[in-house]
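Q: what's the 3D shape of this:
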Amino acid sequence: MKTSLSPTTDRGLTLLEIFVILAVISVLGLLLVPALNRAKIRAQRITCNGYLKQIGLAYRVWEGDNKDLYPTQVAGTNGGTMDFITGPNAWRHFQVMSNELSTPLVLICPAESDRTRAAATNFDFLRNSNISYFVGIDANDTNPQLILSGDRNITNGTLVKNGLLELTTHRPSGWTAEMHDGVGNLALSDGSVQQVSATGLRTAVTNTGLATSRLQMPMLGP
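A: Residues are numbered from 1 along each chain as shown. As a prediction, the model looks like this:
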């Protein structure tokens, strides 16, 4: 007895099935994109945190070779940058630590939004346009809570004057939305790095014990 085989028929997708598939893909995209953005932002913060730890370590190594003083505390005639703690000279403090930093790549935050800023190819050509971090010119080795460096999107609502932003406990400090989604990283004199919100920043300013913490900003132009 012969078995009869039914012929198979190839059938394409109907228009309704195509719409359903596209709708599912769109929903998955809407769910995945925010998660991927959050992961990217988190990765950038972690990388920035690591860069600031390298900067803090560079300070510690440099001061170990210079009588426990940071570059901002040493005159230019002795290899420091005390002569440049005002004006658009933030880059000079990092340049003098070129041996300790090893590469200028660590001076640009991966979340940098200013397209006019980019990593320098070497320290000889370093300028403020190659830097994402401010310099705490009042930092020293004796007070571990002083602000050493941090993201340039720090603010207290006042203008930068002669290259300096002055933070006080009498005026709220915070972060702009330029980098890290409205938060930022701080490097302290003890070598630690903290990711802090506006509230955490204000606490850090209070913890310095200073009436005014002066930050030299990597400002562009005169």
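Q: make it CA atoms for all contacts and neighbour counts henceforth
A: OK.
Q: helices of the chain, residue ranges please.
A: 15-64, 90-95, 98-101, 198-207 (DSSP state H).
Q: of all those, which one is nearest S189?
A: Closest approach to S189 among the helices of the chain is made by helix 15-64 (7.4 Å; CA to CA).
Q: the closest one - contacts with which helices or strands?
A: helix 98-101, strand 147-151, strand 184-188, strand 193-196 (3 or more CA pairs under 8 Å, 6 or more residues apart in numbering; DSSP states H and E).
Q: of all the residues in stretch 103-120, which ones are buried?
A: Residues of stretch 103-120 classed as buried: 104-112, 117-120 (neighbour count, 16 or more other CA atoms under 10 Å).
Q: of the helices of the chain, flag the one that's most buried.
A: helix 90-95 (a mean of 23; mean count of other CA atoms under 10 Å).
Q: what's that helix in contact with?
A: 71-72, 80-81, 84, 101, 123-124, 126-128, 130-131, 134-135, 216-218 (CA atoms under 8 Å, 6 or more residues apart in numbering).
Q: what about that helix, average pLDDT?
A: Across helix 90-95, pLDDT averages out at 97.
Q: and stretch 176-186, by the same measure?
A: 90.
Q: report the contact partners of R171.
A: N156.
Q: same question, the one 3 residues further on
A: G174 is in contact with I154, T155, N156, V183, S197, A198, T199, L201, R202, counting by CA under 8 Å, 6+ apart.
Q: quick check: L28 vs I21, distance?
A: Using CA to CA, to the nearest Å, we find L28 at a distance of 11 Å from I21.
Q: leaving out sequence neighbours, find the closest residue to Q54.
A: L101 (6.9 Å; CA to CA, 6 or more residues apart in numbering).
Q: surely the one you found and G56 touch.
A: No - L101 is not in contact with G56 according to CA atoms under 8 Å; the separation is 9.5 Å.
Q: okay, and for the chain, where does confidence drop off?
A: For the chain, residues meeting the criterion pLDDT under 70 lie at 1-12, 29-41, 222.
Q: sorry, back to before: so can I have TSV of the helices of the chain showing distance to G191?
A: Below are the helices of the chain laid out as TSV (distance: least, CA to CA, whole Å):
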stretch	distance to G191
helix 15-64	5
helix 90-95	16
helix 98-101	14
helix 198-207	14
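Q: which one of those lies closest to S192?
A: Nearest to S192, of the helices of the chain and by CA to CA, is helix 15-64 at 6.8 Å.
Q: picking that back up, would you list the helices and strands packed on helix 15-64 in a markdown table and tack on distance to T168?
A: Listed next are the helices and strands packed on helix 15-64 as a markdown table, based on distance: least, CA to CA, whole Å:
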| stretch | distance to T168 |
| --- | --- |
| helix 98-101 | 30 |
| strand 147-151 | 12 |
| strand 184-188 | 16 |
| strand 193-196 | 17 |
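Q: what sits against S213?
A: G136, D138, I147, E166, L167, T168, V205.
Q: beta partners of the third one?
A: The residues listed as beta-bridge partners of I147 by DSSP bridges are L188.
Q: how about the contacts made by it?
A: Neighbour list for I147: G136, D138, A139, L186, A187, L188, S189, A204, V205, T208, S213 [criterion: CA under 8 Å, 6+ apart].
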